[in-house]
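Q: any chance you can model this:
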Amino acid sequence: MTLRREILRLLAAVNARRREDVSLGALSALAHRSPFNLHRRFVAVVGETPKAYTNRVRLDRAAADLLATDRQVSVIAHDHGFASHEVFTRAFTRRFGSSPRAYRARGLRGGLAGDDRAAAIHADTVTSVAPCVGLYRMNALERSTPVPVDIAVKDLPALHALVMRKRIARDEIAATLATMLPALFTHAQQHGIAMAGPPFARYPEFGMGSLVMEGGVSTTEPADGVPEAGIEALTIPAGQAAVAVHRGPYETLPETYQAIEAWIQAEGRTVAGPPWETYLTDPGEHPDPATWQTEIVQPITDPE
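A: Below is the predicted model:
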């Protein structure tokens, strides 16, 4: 078993332990490794210490519960593994810049205040994305048997998002997303911006040795008016697209992109905008890279 697969299996177990002991001692016993050895391996794969990881995931999920439910703050704190209301409040305030009560009172931004459906979608997104927000596009160091690609033509609605944009080398996608997506995810939560689904990467420009990439989190409505250095609101217009779901590790994504390109040529279609890939599967919940699913969307026009 590779180091990455071993740590991902551990993450899946940790994420299921909403309020049980997840101290380094407990995790090292679970992994059958010494605390020192596990700590070093965990940081190498996840980019955070075990304590920082579990604390962040629990706080993010608790913040979503504050917006999506009317349960008492003390109950939410207990459900997410915090020893007391006071400990939870201090940790929450450090992460989000306001107390749990003030965060709940502010609610979601704009016309979404009081929108139970938006709050529920936001909470589901946070629950699934928080454990792996820094792991998407990670190198699994594995190859899988090619899976036949089904390509469908879909009429997609407009997509609202928060994005960060950067020109990078082609081998820097994973490392760049590991910085962008956590920053966007935290920004959305801190400002009460309702997220509407898994994160994505969009590619507005491809060059010989580099590309321009936008890391993004989708939002329920346009997220204008909450500026921060390097973060901006984006709306991708509604339109027709060729859509395929890639199954397997991220290393084999180029094969699915090539299949879509071949299909577009065979169908006499024309590319109508930059492609993007949405990460449907959480590596922190699904340790086996063969089960990972990534939706690829390529805007197109009708055949001439």
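
Q: residue contacts, V163?
A: Counting by C-beta atoms under 8 Å, 6 or more residues apart in numbering, V163 makes contact with 184, 202, 214-216, 231-234. Glycine gets a C-beta too; all of them are placed from N, C-alpha and C.

Q: looks to me like it is in a strand.
A: Yes: counting by DSSP: H, G, I helix; E, B strand; the rest coil, V163 is part of a strand.

Q: per-residue pLDDT, it?
A: pLDDT recorded at V163 is 96.

Q: let's number from 147 now, not from 1
A: Got it, first residue is 147 now, which makes that one V309.

Q: specify the beta-bridge partners of it.
A: Using DSSP bridges, the beta-bridge partners of V309 come out as G362, E378.

Q: from H337, how far off is it?
A: For V309, the distance to H337 equals 15 Å [C-beta to C-beta, to the nearest Å].

Q: likewise for P383?
A: Distance, P383 to H337, using C-beta to C-beta: 24 Å.

Q: so between those two, which is more surrounded?
A: Taking neighbours as other C-beta atoms under 10 Å, P383 and H337 compare with H337 leading, 18 against 11.

Q: off-centre distance for stretch 348-366?
A: Mean C-alpha position of stretch 348-366 versus that of the full chain (C-alpha atoms, centre = their mean, to the nearest Å) differs by 15 Å.

Q: then that stretch to PDB, C-alphas only?
A: The C-alpha coordinates for stretch 348-366 follow below in PDB (Å, rounded to 0.1, in the frame of the first residue of the first chain):
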ATOM      1  CA  ARG A 348     -10.900  25.800 -15.000                       C
ATOM      2  CA  TYR A 349      -8.300  26.300 -17.700                       C
ATOM      3  CA  PRO A 350      -8.800  29.600 -19.600                       C
ATOM      4  CA  GLU A 351      -5.400  29.300 -21.400                       C
ATOM      5  CA  PHE A 352      -3.000  26.600 -22.500                       C
ATOM      6  CA  GLY A 353       0.500  27.400 -23.600                       C
ATOM      7  CA  MET A 354       3.500  25.300 -24.700                       C
ATOM      8  CA  GLY A 355       5.100  25.100 -21.200                       C
ATOM      9  CA  SER A 356       2.500  26.700 -19.000                       C
ATOM     10  CA  LEU A 357      -1.200  27.200 -18.500                       C
ATOM     11  CA  VAL A 358      -3.600  29.600 -16.800                       C
ATOM     12  CA  MET A 359      -5.700  27.900 -14.100                       C
ATOM     13  CA  GLU A 360      -8.600  29.200 -12.100                       C
ATOM     14  CA  GLY A 361      -9.300  27.300  -8.800                       C
ATOM     15  CA  GLY A 362     -12.900  27.800  -7.800                       C
ATOM     16  CA  VAL A 363     -15.800  27.100  -5.400                       C
ATOM     17  CA  SER A 364     -19.300  27.400  -6.800                       C
ATOM     18  CA  THR A 365     -21.700  29.700  -5.000                       C
ATOM     19  CA  THR A 366     -25.500  29.900  -4.900                       C
END
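
Q: and it, what's buried?
A: Buried residues in stretch 348-366, counting neighbours by 16 or more other C-beta atoms under 10 Å, are found at 348, 357, 359-366.

Q: and stretch 294-301, by the same measure?
A: Under the neighbour-count criterion of 16+ other C-beta under 10 Å, stretch 294-301 has 295, 297 buried.

Q: what residues does it touch?
A: With contact meaning C-beta under 8 Å, 6+ apart, stretch 294-301 is reached by 384-392, 402, 405-406, 409, 446.

Q: and that stretch, how far out from the chain middle?
A: 23 Å.

Q: same check, this time on stretch 314-328
A: That offset, for stretch 314-328, works out to 13 Å (C-alpha atoms, centre = their mean).

Q: contacts made by it with the rest, please.
A: Contacts of stretch 314-328 (C-beta under 8 Å, 6+ apart): 193, 279-285, 310, 312, 345, 347, 355-359, 361, 363, 396.

Q: any idea which element the closest residue to N183 other than its chain neighbours lies in?
A: Leaving aside its chain neighbours, N183 sits nearest to S174 (7.7 Å; criterion: C-beta to C-beta, 6 or more residues apart in numbering). Assigned by DSSP states H and E, S174 falls within helix 170-177.

Q: next SSE after that helix?
A: The C-terminal neighbour of helix 170-177 among helices and strands, as given by DSSP H and E, is helix 181-192.

Q: buried residues, that next one. List them.
A: Across helix 181-192, burial judged by 16+ other C-beta under 10 Å covers 181, 184-185, 187-188, 191-192.

Q: now stretch 214-230
A: 214-215, 219, 222-228.

Q: strands of the chain, start to end?
A: Ranges of strands within the chain are 297-302, 305-315, 341-352, 356-365, 378-382, 385-393, 416-417, 422-425, 439-447, based on DSSP state E.
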